[in-house]
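Participant: let's see this in three dimensions:
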Amino acid sequence: MARPKTPKSARFPKGLPDRETLLKFIRESGETDKAAIARAFGLKGEDRRKLRAMLQALEAEGALGKRGRRGLAEAGALPEVGVADVVERDADGDLMVRLSRAEDAPLVALAPGGDDRGAPGLGDRLLVRFVKRENGETEAQLIKRLGQSAHRILGVVRKARREIRVEPVDRRSKEVLILPEGEDVRDGDLVLAQVDGQAGRYGPKRGKLLEVVGREDEPRAASLIAIHAHGIPTGFSPGAEAEAEAAEPPTLAGREDLRDVPLITIDPPDARDHDDAVYAQPDDDPKNPGGYVCWVAIADVAAYVRPGSELDRIARDKGNSVYFPDRVEPMLPERLSNGLCSLREGENRACLAVRMVFGADGRKRSHRFVRGLMRSAAKLSYDQAQAAIDGFPDDKTGPLLEPVLKPLWAAYACLQKGRAARSPLAIESLERKILINREGEIASITPRPSLEAMKLIEEFMIQANVAAAEMLEQKKVPLIYRIHDTPSQEKMQALADFLATLDIPWSKGEAPRTDRFNRLLEETRDGPHADIVNEVVLRTQMQAVYSTDNIGHFGLNLAKYAHFTSPIRRYADLIVHRALVTALGLGADGLSDRDIAQMKGTAEIITFAERRAMAAERDATDRYIAAFLADRVGAEFAGRITGVTRFGLFVRLTETGADGLVPVSRLGGEYFVHDDRAHALVGERTGARWPLGMMVLVRLAEATPLTGGLLFEMLSDPAPSDGSRAPPRLGVRGRGPGSGPGRGGSGRPPSGRPPGIRTGRKQKMGGKKRR
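Facilitator: So this is what the prediction gives:
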């Protein structure tokens, strides 16, 4: 989905703005919040309090409207693309929608028509584009229906003597529904219920049972809850299954024979699909001494998923595969994802491959795409390949060491020179692997090693993605780019303000550059602030998205970038494959006219699907970890403060990577104030501090598997005062252990991983990182 544009702060003078300047800033922002406005105008202390009063006055007079809990926008303002709810029909029977989370937003007529699932109805939640018609009126054009209606609740049944209650599993929701007596449900059932339109004004709302989806005590309930809560599309229609079953093994017709090229797959040991294979050798061209020829072969999914087919409709709707600790919800049926489109060892497979030539300096000199027939020479895990290179080959890797593996590593060493010259962001991120036993319970949570074999595959994939984008631009064929914007001026200002609290110099007017970020990370790597600087630099980055308009990829420091290497699990890659087929005349199954016409909408849909998948994966992981820790309530854990808010501290445990909340009420008797510039809670009386990044010892007070919430008690003492004066009161003391954003005092820490720029390639059950 499109990110609201941020006005250039340089156009607005520093200092407290007048009413018209403030409204102009908010209007050009589209959607903003108080903290962003304060940063843009450089407001501190008394000016911040005056700003708050101005915003309250504007809201009271109806000039501003709320967007969610903290967001602000000009009253009635609509984004170009947004999430809206179908709330009523007008006198003519036309559906009317209202922007979600925006009570002030006007009712807008929904343009006639539907998506691939038919026409929407009352109560549906939609992704729409707001368009102004020639008559000046605005209408909402449907992009796609989203998974869960705004009026539906996923919850667990709690039966009392006289009523059946549905308590939501979403920790941020307080909405409890009462089901009619006599419903055939059991205590502990996970159900999907809908708010009854005839509900009274007072007390819990009445609800209607829609579906019993499982039991809260099922071992695999965590992923089941996440799937339903986030509306993850599941399964396949009979038509799609039939198309997949009818698919036939590939032949050499119309393909280049690559079966003699010893391409190998290198994946996690539990990978369920193998969509990429690699090979490299020294270039024998005397004009390229020290150079290498690198092959990347990708499963030819476009040969099986044709435009306009039922498989294509469902793949576009899903957008991507979703990876949970215990299961995968694939984008394609198993017949393809784990069969004909998986590059299995020793089996003929259709592929779209790129042959790239690199000079001794690691820069790409040329590339050529072919539609081929390949046969994987070996299926290796990262650990296997790395062990062989480190001098510990096994029976399988031993014969491959000299002819295949060593040339691959030599080519990677060459490519690293080009990567170093490019200087992409070098942010580090420790990840953990969750192992599930046969009973569906967590057996262990262990750090995921960062192997050179992983980095090798990642760099080969990046280069193949670049080659795809360059080829399609050269041929002037439409495509979906993977773009990553530069950090906003407001985020850079916040970074500079924070670094100043650590006495780390950073010029506030300095333009964002990856090499400058990397120098900061390198300079602090061995110091006491290494982890927190890494975390804050990560939070400074924007989110990567899919778009038909290219602005480059800031994090990778690339001018042209598209996703090409994972068409089994990402629809974006399938579109790029079709574009290459069209551009290079490689077959009749390239882009259709409809693909081209709806490409902008497709980019918005798959961006939304990626966000949805990430949220569902994160929620399922939270619930699994809460269940894993439930029998350790009272135990003490080391951790690090990863989020600072006015209602408490988020702490990430060193052992498991689990995040939980320490409410401000459990930090002692002193009144603590939230200093958002310094990312710290500061004692008003003593100046004692709880800063972001501080190592602490906590006791687990509560673990709630149903919601994934963890509540901690602080055992450490705060850091002593740094001599600065506490900021004006913005926090609250003694709100109680249930305070914060959700039931049980649990909330979600501020995200430290903007989607699309995280390092690494594959995650969880063979899933792959999003760049």
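
Participant: contacts for stretch 249-262 next, please.
Facilitator: When contacts are defined by C-beta atoms under 8 Å, 6 or more residues apart in numbering, stretch 249-262 is touched by residues 279, 295, 297, 300, 303, 340, 348-351, 353, 370-375, 377-378, 400, 403-404, 586-587. No exception for glycine: its C-beta is placed from N, CA and C like everyone else's.

Participant: buried subset of the residues you listed as a PyMOL selection?
Facilitator: The following PyMOL selection, which keeps only the buried ones among those, applies the criterion 16 or more other C-beta atoms under 10 Å:
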select buried, resi 279+295+297+300+303+340+348+349+350+351+353+370+371+372+373+374+375+377+378+400+404+586
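
Participant: from the contacts of stretch 249-262, which land in helices?
Facilitator: Secondary-structure check on these using DSSP state H: no residue lies within helices.

Participant: how far off centre is stretch 61-80?
Facilitator: Remark: stretch 61-80 is offset 25 Å from the chain centroid, using C-alpha atoms, centre = their mean, to the nearest Å.

Participant: could you do stretch 463-479 as well?
Facilitator: The gap between where stretch 463-479 is centred and where its chain is centred comes out at 24 Å by C-alpha atoms, centre = their mean.

Participant: tell me the gap between stretch 623-640 and the middle of its chain.
Facilitator: Its chain's average C-alpha position is 25 Å from that of stretch 623-640, according to C-alpha atoms, centre = their mean.

Participant: pLDDT at the nearest residue in space to Ser423 that is not next to it in sequence, what is it?
Facilitator: Spatial nearest neighbour of Ser423, chain neighbours left out: Asp515 (4.2 Å); criterion: C-beta to C-beta, 6 or more residues apart in numbering. Per-residue confidence for Asp515 comes out at a pLDDT of 94.

Participant: how many residues are close by Asp515?
Facilitator: By the measure other C-beta atoms under 10 Å, the count of residues near Asp515 is 13.

Participant: what do you get for Phe672?
Facilitator: For Phe672, the tally of surrounding residues (other C-beta under 10 Å) stands at 27.

Participant: my read: it touches Arg685, true?
Facilitator: No: with the criterion set as C-beta atoms under 8 Å, Phe672 and Arg685 do not qualify as a contacting pair; they are 9.8 Å apart.

Participant: the residue nearest to Gly113 when sequence neighbours are not counted: neighbouring residues, count only.
Facilitator: Taking C-beta to C-beta, 6+ apart, and ignoring the residues beside it in sequence, Gly113 has Leu142 as its nearest neighbour in space, at 6.4 Å. Counted with other C-beta under 10 Å, residues neighbouring Leu142 total 23.

Participant: same question for the one 4 residues further on.
Facilitator: Residue neighbour count, defined by other C-beta under 10 Å, stands at 22 for Leu146.

Participant: all strands for the stretch 301-450 of the chain, in order.
Facilitator: 322-323, 328-329, 348-358, 364-375, 378-381, 432-436, 442-447 (DSSP state E, counting those that start in this stretch).

Participant: Throw those into a markdown table and include mean pLDDT and distance to Leu126, thanks.
Facilitator: Formatted as a markdown table, the strands of the stretch 301-450 of the chain follow (pLDDT from 0 to 100; distance: least, C-beta to C-beta, whole Å):
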| stretch | mean pLDDT | distance to Leu126 |
| --- | --- | --- |
| strand 322-323 | 94 | 21 |
| strand 328-329 | 93 | 22 |
| strand 348-358 | 98 | 34 |
| strand 364-375 | 98 | 38 |
| strand 378-381 | 97 | 43 |
| strand 432-436 | 86 | 34 |
| strand 442-447 | 86 | 37 |
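
Participant: ranking the ones you listed by burial, who's on top?
Facilitator: Each of the strands of the stretch 301-450 of the chain was assessed for mean neighbour count using mean count of other C-beta atoms under 10 Å. The highest is strand 322-323, with a mean of 26.

Participant: ok, it: who's next to it in the sheet?
Facilitator: Paired with strand 322-323 in the same sheet, following DSSP bridges, are strand 328-329 (antiparallel).

Participant: what about the strand it pairs with, distance to the chain center?
Facilitator: That offset, for strand 328-329, works out to 16 Å (C-alpha atoms, centre = their mean).
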